[in-house]
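Engineer: Structure of the sequence below:
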Amino acid sequence: MKNKTKLIAITGGSGAGKTWLAEKLQRALGTQAARISLDDFYKDLSHLPPTQRAEVNFDEPHAIDWPLFEAAMLGCLAGRTMPLPQYDFTTHTRLPHAGLFSPAPLVLVEGLWLLWSPQVAELFDLKIFLDCPAQLRFERRLARDVTARGRTPDSVGEQFLKTVAPMHDRFVEPQAKWADIILTQPASEADIQEIVEIVQMEMLEALAPETIMPLHGEFSRLAA
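Structural biologist: Residues are numbered from 1 along each chain as shown. The predicted structure is shown next:
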């Protein structure tokens with residue numbers, strides 16, 4: 001039987017640890033897993049002057065090119081090798097050359113609003129939500145934006161208060177009710193290992209679906 005690609009959603013607030021968890025899972029799964037970030041699907045703002053780009057609210061779902069993202073997810077499910085956009089956060093523009101992506105049996109997808117749209121959410125075989133205290137999320141975002149995105153601490157703090165926190169309450173936090181697993185941060189090694197085992201079972205289903213009993217519904221919440 002032809003392998004079936006499965007999509008694993010890893011969602012939660014900015015600084016909740018989505019990339020951290022995706023990296024842990026990819027290391028555990030090796031070549032059987034690939035990764036995609038919703039961040040690369042931000043709308044290209046190259047048509048706007050830099051001052052106007054900085055005024056865009058990047059912490060609400062409408063900043064994403066959803067038709068392009070959904071097309072990419074459907075391409076993964078079809079097993080197609082395809083170009084994927086790459087986003088430059090320092091200029092708020094899409095890089096001119098897309099990266100070529102080949103789906104693995106499992107595709108780990110990380111992003112703020114993966115469960116926000118029912119049409120997109122239904123594409124995922126497993127949905128993980130990271131529940132993280134606001135102070136910890138802010139500290140992680142501050143460190144990331146200053147070192148990797150060329151931001152000043154004052155600008156990061158102002159943005160967190162004005163848009164990140166209220167948009168989190170409005171668009172991110174409600175997604176928890178649609179998740180199969182809620183991982184409370186900071187997580188224990190036992191929690192992580194349990195998630196690894198669940199995702200490994202998803203991988204086995206993708207590789208040999210006729211021989212594996214599904215695990216959906218057996219785990220609803222993990223807490224540190």
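
Engineer: mind listing the helices for this structure?
Structural biologist: 18-29, 50-53, 66-77, 118-121, 134-148, 153-159, 165-167, 189-207 (DSSP state H).

Engineer: For residue 108, find the nearest of those.
Structural biologist: helix 18-29 (4.8 Å; C-beta to C-beta). Where you see a C-beta, it was placed from the backbone N, CA and C, and this is true even at glycine.

Engineer: now for the closest one, which elements pack on it?
Structural biologist: Helix 18-29 is packed against strand 6-12, strand 33-37, strand 106-111, strand 126-131, helix 189-207, with contacts defined by 3 or more C-beta pairs under 8 Å, 6 or more residues apart in numbering; DSSP states H and E.

Engineer: which helices and strands does the third one pack with?
Structural biologist: Under the contact definition 3+ C-beta pairs under 8 Å, 6+ apart, strand 106-111 sits against strand 6-12, helix 18-29, strand 33-37, helix 189-207.

Engineer: just the longest one next, same as before
Structural biologist: Using 3+ C-beta pairs under 8 Å, 6+ apart as the contact test, the elements touching helix 189-207 are strand 6-12, helix 18-29, strand 106-111, strand 126-131, strand 181-184.

Engineer: quick one, the second one and strand 6-12 angle?
Structural biologist: Using axes from the mean of the first three to the mean of the last three C-alpha atoms, to 10 degrees, the direction of helix 18-29 lies 150 degrees away from that of strand 6-12.

Engineer: what about the protein, any weak spots by pLDDT?
Structural biologist: Low-confidence regions of the chain, defined here as pLDDT under 70, cover residues 1-3, 208-224.

Engineer: Mind doing that once more with 80?
Structural biologist: 1-3, 148-150, 207-224 (pLDDT under 80).

Engineer: In it, which residue is most central in space?
Structural biologist: residue 110 (1.4 Å; C-alpha atoms, centre = their mean).

Engineer: I figured that residue hits residue 38, correct?
Structural biologist: Yes. Contact criterion C-beta atoms under 8 Å: residue 110 and residue 38 qualify, at 6.7 Å.

Engineer: surely residue 19 meets residue 110?
Structural biologist: Yes. Here residue 19 reaches residue 110: they are 5.9 Å apart, a contact under C-beta under 8 Å.

Engineer: Between those two, which contacts overlap?
Structural biologist: residue 37 (C-beta atoms under 8 Å, 6 or more residues apart in numbering).

Engineer: Tell me how far the residue nearest to the centre of the chain lies from residue 79.
Structural biologist: Distance of residue 110 to residue 79, given as C-beta to C-beta, to the nearest Å: 21 Å.

Engineer: same check, this time on residue 43
Structural biologist: 27 Å.

Engineer: same question, residue 185
Structural biologist: Remark: distance between residue 185 and residue 79 (C-beta to C-beta) = 33 Å.

Engineer: okay, these two: which has more neighbours?
Structural biologist: residue 185 (21 against 14; other C-beta atoms under 10 Å).

Engineer: Leaving out the residues flanking it, which one is nearest to the more buried one?
Structural biologist: residue 132 (3.9 Å; C-beta to C-beta, 6 or more residues apart in numbering).

Engineer: What of residue 145?
Structural biologist: Per C-beta to C-beta, 6+ apart, closest to residue 145 is residue 151, 4.1 Å.

Engineer: Fine by me, thanks again.
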